[in-house]
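**Student:** I need the structure of the sequence given here:
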Amino acid sequence: MGGPISRTTRAVQDSRGRFTGRMVTYARLRTAEEVRRANDINAQLYGSEYVQRTIIPRPYMEPALAAETPALAGLWSNSVKA
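**Tutor:** Numbers count the residues shown, from 1 in each chain. Predicted coordinates for the structure are as follows:
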């Protein structure tokens, strides 16, 4: 972030693909401290690597799977040929 523009400078996009107006320059990382600092900057620019999500329960999936379980093996029986 900051510094002169070079061949490896790119515009930053957020997780939805929108440009943020910030520019970053990519470079080879040589030391563990550079890697740590780059990871901190990435977290600031793009957000956390992991996003905790809550998925709502899907009450109809279990009965549907139970009804289709006997037929599942037949769906793949001819797909793999040795």
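
**Student:** how many other residues sit next to the nearest residue to residue 14 once chain neighbours are set aside?
**Tutor:** Counting by CB to CB, 6 or more residues apart in numbering, residue 14 lies nearest to residue 20, which is 5.6 Å off, once chain neighbours are set aside. Backbone N, C-alpha and C define where each C-beta goes, glycine included. When counting by other CB atoms under 10 Å, one arrives at 11 neighbours for residue 20.

**Student:** do you know how far residue 20 is from residue 6?
**Tutor:** 19 Å (CB to CB, to the nearest Å).

**Student:** and what of residue 23?
**Tutor:** In terms of CB to CB, residue 23 sits 10 Å off from residue 6.

**Student:** circling back to that earlier point, I'd guessed the residue nearest to residue 14 sits against residue 46; true?
**Tutor:** No: counting by CB atoms under 8 Å, residue 20 stays clear of residue 46, with 9.4 Å between them.

**Student:** returning to what we had before: the residue nearest to residue 14: what secondary structure?
**Tutor:** strand (DSSP: H, G, I helix; E, B strand; the rest coil).
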